[in-house]
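> okay, sequence plus prediction incoming.
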Amino acid sequence: MTETPLLELRGLGGGYPPISVFRNIDLSVGMHESVGFFGPNGHGKTTLLKTVAGLIDPWEGDIIFAGNRLNAEGRMRARTSKNLNYDLFRKRRIRAETVVNAGLIYVMQGNLLFPEMTVEEVLDIAPLAAKGRTGITAMRQRVDDLFPRLQERRGSKIRYLSGGERQMVSIAVGLLALPQMLILDEPTLGLSPKLRIELAQAIRKIRDSRVPLIIVDQNIEFLTGLVDRLFLFDHGSITREIDSGSMPKHAEIMTMMFGEAN
Amino acid sequence: MISLDTFLFILASGVLLGGLYALMATGLAIVWTTLGVFNFAHGTFVALGAYIAWQVTQSVNGGMGFLLAAALSVIMMYGIGYLLHFVLIKPFERNANLVLLAVITTLAAASIIENHILIGWGPRDKQIVPPVSGAISAFGASINIYDIVVLAVALFSLLAMALFLRRTSIGRAMRAAAQNREVAELMGLNVSRLYAMTIGLSAATAALAGVFAGSLRFINPTFGTDPLMKALIIVILGGVARFTSPIYAAFIVGIAESVSVYFLGLYWAPAVLFAMMITVLLIKPEGLFGHRSRTL
Ligand SMILES: Nc1ncnc2c1ncn2[C@@H]1O[C@H](COP(=O)(O)OP(=O)(O)O)[C@@H](O)[C@H]1O
Ligand SMILES: [Mg+2]
């Protein structure tokens, strides 16, 4: 018997109208598994994840989480009039609130968060999404253990934090929503090697606490140590799937993706 | 040279104006920093708030009547502001030209509200009777007790609003929605509702300013024009970098106005204020107390 997937994407396509960014994404991630995405910059990974998170409307296909479809049925209607306020008649096909309430939490890339709020204020409102559910107090404790550095910076405004600290706040915010699944978009982007190791340790602990992860990263060694399966993403499609048994080295991936010339 | 009591009189009336302007401008500023749009209907919120309060004082007399009128006006304007978000802003929020469209929709709303005031209440001047009278004298100048009450309540309301935005979860959520809409949505916050609440709060402070202004001078259907202009000058002059920026600027404008009214006359005061605004725009476009970022 195969276990039912936690997240399933069926023929998902989308972009920024009128430009299609990704198409025909079929993917399923199990209850207890973590997967990685690897691919060149600007090929649509963030756009795909923003769509899954409910920030952007999908054009076609379905997003199914824990057995429930999160998006409205059918395809997005094409624009028929240039003059009418088309948005007035076109409903959003997915809402971030629905996705968050279902427990699918997306931690955005290059997270600027709320520049003028303090770490403490941000962590205070983070559990609003999970209000009424048990486990927030325990999760606060876990967040304090995972990121002791944030304790010291409680009173600082986000805008004065380093990139690494900001990333920690972002992940902490995601955790405080009590995720069933956590999506991390390039968490190590622009971090120093030392901070990258610190963050990788924290992410490993999160994975070991059985929160399934989807991680996008440009660092293949970082990814292969964390995930069970790896998807190569190229020009808006998943071009290859690799199992943990056969994780390649950075150079091999480059060859796979760009041919021998690289 | 002017005498000490004249100086104190000018200062006192400037500070009183400053308190009223601070209420008007802060409401305009929080909508600007949160939604990124300029609400040209803000002045008519002040006027409508004054008329609602006047209507209540027609049925209930005395100090109680005034309190009831102020409370009802503030609550109703909160509701009106909240609802107007879904009519004036929300339908266009996915449009790339939202800022321009909001100029048009809020100008339209201003015109509609102003004309409905004219239809409903007629063109004649009205005044809300102040609940307290009498004056105290200090250094030979006499200061109305009511003016002091107005100033105190205005400042207290702004303090309460600042504490609400900083200390409560809802206030913090409103600031979060102002600073980064996408991340606020990813936290599961209902951003549309938070935006509507922001406009509601802005309209409520406008109403309070309207009640006070309407008890200090006459109300007529174009009562909102001057508050909108003053709030605009103040927001540009002070910038919106902090919650307090427009408040400081409001007192500068209030005092500058009463000084120029005294020395140059009523008709020159707007020219002086606009000259100040243009000078600041030329030299420090982000405002006297500002840096470039928009915040709440
Ligand atoms: N807000 C936007 N509006 C229009 N196009 C965008 C926007 N954001 C990204 N794009 C375009 O979408 C494509 C995919 O970008 P992105 O999803 O960020 O890729 P990745 O995350 O793989 O680096 C790029 O060509 C980018 O220029
Ligand atoms: Mg990206």
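Sure, I can see it. Just so it is clear, the model here is predicted, and its values are computed rather than measured. Residues are numbered from 1 along each chain as shown, chains lettered A, B, ... in the order given. Ligands and ions are numbered 1, 2, ... in the order given.
> distance of A:Ile197 relative to A:Gly164?
Between A:Ile197 and A:Gly164 the distance is 11 Å, computed by CB to CB, to the nearest Å. (C-beta placed from N, C-alpha, C; glycine too.)
> those two: who's more crowded?
Between A:Ile197 and A:Gly164, counted using other CB atoms under 10 Å in any protein chain shown, A:Gly164 has the larger neighbour count: 19 against 13.
> by contact count, what packs against the helix or strand hosting that one?
Here A:Gly164 is covered by helix A:163-176, with elements defined by DSSP states H and E. When contacts are defined as 3 or more CB pairs under 8 Å, 6 or more residues apart in numbering or on different chains; DSSP states H and E, helix A:163-176 sits against strand A:104-107, helix A:119-125, helix A:136-146, helix A:148-152, strand A:181-185, helix A:193-208.
> which residues of chain A lie near chain B?
Chain A has residues A:53-55, A:85, A:87-88, A:96-97, A:100-101, A:105-108, A:111-117, A:121-122, A:124-126, A:128-130, A:173, A:177 near chain B, with proximity defined as CB under 8 Å from any CB of the partner chain.
> show me which of those residues neighbour ligand 2.
Taking CB under 5 Å from the ion as the test, ligand 2 is in contact with none of these.
> quick one, which of those are buried?
The neighbour-count criterion (16 or more other CB atoms under 10 Å in any protein chain shown) marks A:53-55, A:96-97, A:100, A:105-108, A:111, A:113-117, A:121-122, A:124-126, A:128-130, A:173, A:177 among those as buried.
> give me the low-pLDDT residue ranges for chain A?
A:1-2, A:80, A:251, A:259-262 (pLDDT under 70).
> got the residues of it near ligand 1?
Proximity of chain A to ligand 1 is confined to A:16, A:21, A:39, A:41-47 under the rule CB under 6 Å from any ligand atom.
> parallel or antiparallel, which strands does whichever strand or helix holds A:Gly13 pair with?
A:Gly13 belongs to strand A:7-16 when elements are defined using DSSP H and E. Strand A:7-16 has its sheet partners listed here by DSSP bridges as strand A:19-29 (antiparallel), strand A:60-65 (antiparallel).
> specify the angle between that strand and strand A:181-185 in degrees.
Angle of strand A:7-16 versus strand A:181-185, following axes from the mean of the first three to the mean of the last three CA atoms, to 10 degrees, is 40 degrees.
> gap between strand A:7-16 and the chain center?
For strand A:7-16, the distance between its averaged C-alpha position and the chain's averaged C-alpha position is 14 Å (CA atoms, centre = their mean, to the nearest Å).
> stretch A:126-138 too?
20 Å.
> give me every residue that touches A:Leu55.
Contacts here follow CB atoms under 8 Å, 6 or more residues apart in numbering or on different chains; on that basis A:Leu55 touches A:96, A:106, B:182, B:185-186.
> quick one: secondary structure of it?
The three-state assignment at A:Leu55 reads coil, by DSSP: H, G, I helix; E, B strand; the rest coil.
> quick one, phi/psi of it?
With angles defined as degrees, to the nearest 10, A:Leu55 shows backbone torsions of phi -80, psi -30.
> swap in B:Ala102?
Comment: the main-chain dihedrals of B:Ala102 come out as phi -70, psi -30, following degrees, to the nearest 10.
> ok so, going back, just the residues of chain A next to ligand 1 that are near ligand 2?
The overlap between the residues of chain A next to ligand 1 and the neighbours of ligand 2 (CB under 5 Å from the ion) comes to A:Thr46.
> which among the residues of chain A next to ligand 1 end up buried?
Among those, the ones that count as buried by 16+ other CB under 10 Å are A:21, A:39, A:43-47.
> list just the nearest of the residues you listed to A:Gly135.
Distances from A:Gly135 to those, taken as CB to CB, are shortest for A:Thr46 (29.3 Å).
> would you say that closest one is within a helix?
Yes: under three-state DSSP, A:Thr46 sits within a helix.
> quick one: contacts for the nearest residue to it once chain neighbours are set aside?
Taking CB to CB, 6 or more residues apart in numbering or on different chains, and ignoring the residues beside it in sequence, A:Thr46 has A:Gln109 as its nearest neighbour in space, at 5.3 Å. Taking CB under 8 Å, 6+ apart as the contact definition, A:Gln109 lies against A:46, A:185-186, A:189, A:216.
> and the host helix or strand of A:Ile215, does that touch ligand 2?
Following DSSP H and E, the helix or strand that holds A:Ile215 is strand A:213-216. No: contact between strand A:213-216 and ligand 2, assessed by CB under 5 Å from the ion, is absent, since the two come no nearer than 6.4 Å.
> what packs against whichever helix or strand comes after that strand?
Moving toward the C-terminus from strand A:213-216, the first helix or strand encountered (DSSP H and E) is helix A:220-224. Taking 3+ CB pairs under 8 Å, 6+ apart as the contact definition, the neighbouring helices and strands of helix A:220-224 are strand A:35-38, helix A:250-258.
> wait, which of those is closest to A:Arg240?
Relative to A:Arg240, the nearest member of the helices and strands packed on helix A:220-224 by CB to CB is helix A:250-258, separated by 6.7 Å.
> tell me the buried residues in the closest one?
Of the residues in helix A:250-258, A:253, A:257 count as buried by neighbour count, 16+ other CB under 10 Å.
> first-to-last residue distance for stretch A:207-223?
Its start and end residues considered, stretch A:207-223 measures 12 Å (CA to CA, to the nearest Å).
> just want the angle from the helix holding A:Gly164 to helix A:136-146.
For the pair helix A:163-176 and helix A:136-146, the angle between their directions (the same axes, to 10 degrees) equals 160 degrees.
> render the CA-only coordinates of helix A:163-176 in PDB, please.
Extracted C-alpha coordinates of helix A:163-176, given in PDB (Å, rounded to 0.1, in the frame of the first residue of the first chain):
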ATOM      1  CA  GLY A 163      20.800  38.500   6.500                       C
ATOM      2  CA  GLY A 164      21.300  35.300   8.500                       C
ATOM      3  CA  GLU A 165      19.400  36.600  11.500                       C
ATOM      4  CA  ARG A 166      16.600  37.800   9.300                       C
ATOM      5  CA  GLN A 167      16.400  34.300   7.800                       C
ATOM      6  CA  MET A 168      16.200  32.800  11.300                       C
ATOM      7  CA  VAL A 169      13.300  35.100  12.100                       C
ATOM      8  CA  SER A 170      11.600  34.100   8.900                       C
ATOM      9  CA  ILE A 171      11.900  30.400   9.700                       C
ATOM     10  CA  ALA A 172      10.800  31.000  13.300                       C
ATOM     11  CA  VAL A 173       7.700  32.800  12.000                       C
ATOM     12  CA  GLY A 174       7.000  29.800   9.800                       C
ATOM     13  CA  LEU A 175       7.400  27.400  12.700                       C
ATOM     14  CA  LEU A 176       5.100  29.500  15.000                       C
END
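> got the angle between it and helix A:193-208?
Interaxial angle of helix A:163-176 relative to helix A:193-208 (the same axes, to 10 degrees): 10 degrees.
> what residues of helix A:163-176 count as buried?
With burial defined by 16+ other CB under 10 Å, the residues of helix A:163-176 counted as buried are A:164-176.
> just stretch A:77-89 next, same as before
Of the residues in stretch A:77-89, none is buried under the neighbour-count criterion (16+ other CB under 10 Å).
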